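A.B. asks: sequence isn't available, so here's the structure alone:
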């Protein structure tokens, strides 16, 4: 069976992305990261989702991105702000983690080479998102160019490893509808930045998610302190 490495954070997008890979008949090899983020709730969600999909192997990598800091998601001295739904092109919120997707995709690329997977799935989105530069199509395009020359499998053996972004041009509403269609366990997904037992409902990620579920006409099964 053909193999796919899937970046699995435990959030709505990554879980839906993995469901797409499964629908396309890939053997799933999700990779998640304990990067010393503010909380581990999302990582626990990733474990539940991986178990739900009965994956071949769920790899969890530890890397201490809190040593770099600079983000409300890794630096306990920076508070998670209440969110807004619209951003200017150069307006990057403090919840952005410097170079996170670059680092995660690099790990995934190495993992794909080792297990002989020819596809890496990542749930980045450039429609309803927080303005992060490493979610944009131009970043994925440039990383694909690097992947084509960076490792033995691609540079010497000419075995291309394709970066797949099935959610790239979907609205968050469309992602929710796709997740429902593909039977994603939405109750396991966690999107809140605050890291409490219940989602806060006021951070940017919560607001984007709640708006999407409302537009899709589907009740979000996770618990919130406040629903907008």
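C.D. replies: Everything's here; your move. This structure is a prediction, so every number in the text was calculated from the model and none was measured. Numbering: from 1, shown residues only.
A.B. asks: got the residue ranges for the helices in the protein?
C.D. replies: Taking DSSP state H as the criterion, the chain contains helices spanning 12-23, 41-52, 100-115, 137-150, 152-155, 172-181, 204-216.
A.B. asks: which one, of those, ends up nearest to residue 80?
C.D. replies: Among these, helix 204-216 comes nearest to residue 80, with 8.8 Å by C-beta to C-beta. C-beta coordinates here come from the backbone N, C-alpha and C atoms, glycine included.
A.B. asks: which helices and strands sit right next to the closest one?
C.D. replies: When contacts are defined as 3 or more C-beta pairs under 8 Å, 6 or more residues apart in numbering; DSSP states H and E, helix 204-216 packs onto helix 172-181.
A.B. asks: the helix it packs on - what's its average pLDDT?
C.D. replies: Here helix 172-181 scores 97 as its mean pLDDT.
A.B. asks: buried ones in whichever strand in the chain runs longest?
C.D. replies: Determined from DSSP state E, the single longest strand within the chain is strand 27-34. Neighbour counts over strand 27-34 (16 or more other C-beta atoms under 10 Å) mark 28-33 as buried.
A.B. asks: now the lowest-mean-pLDDT helix or strand in the chain: buried residues?
C.D. replies: Least confident helix or strand, the chain: helix 152-155 with a mean of 81, by mean pLDDT, DSSP states H and E. Residues 153-154 are the ones in helix 152-155 that count as buried (16+ other C-beta under 10 Å).
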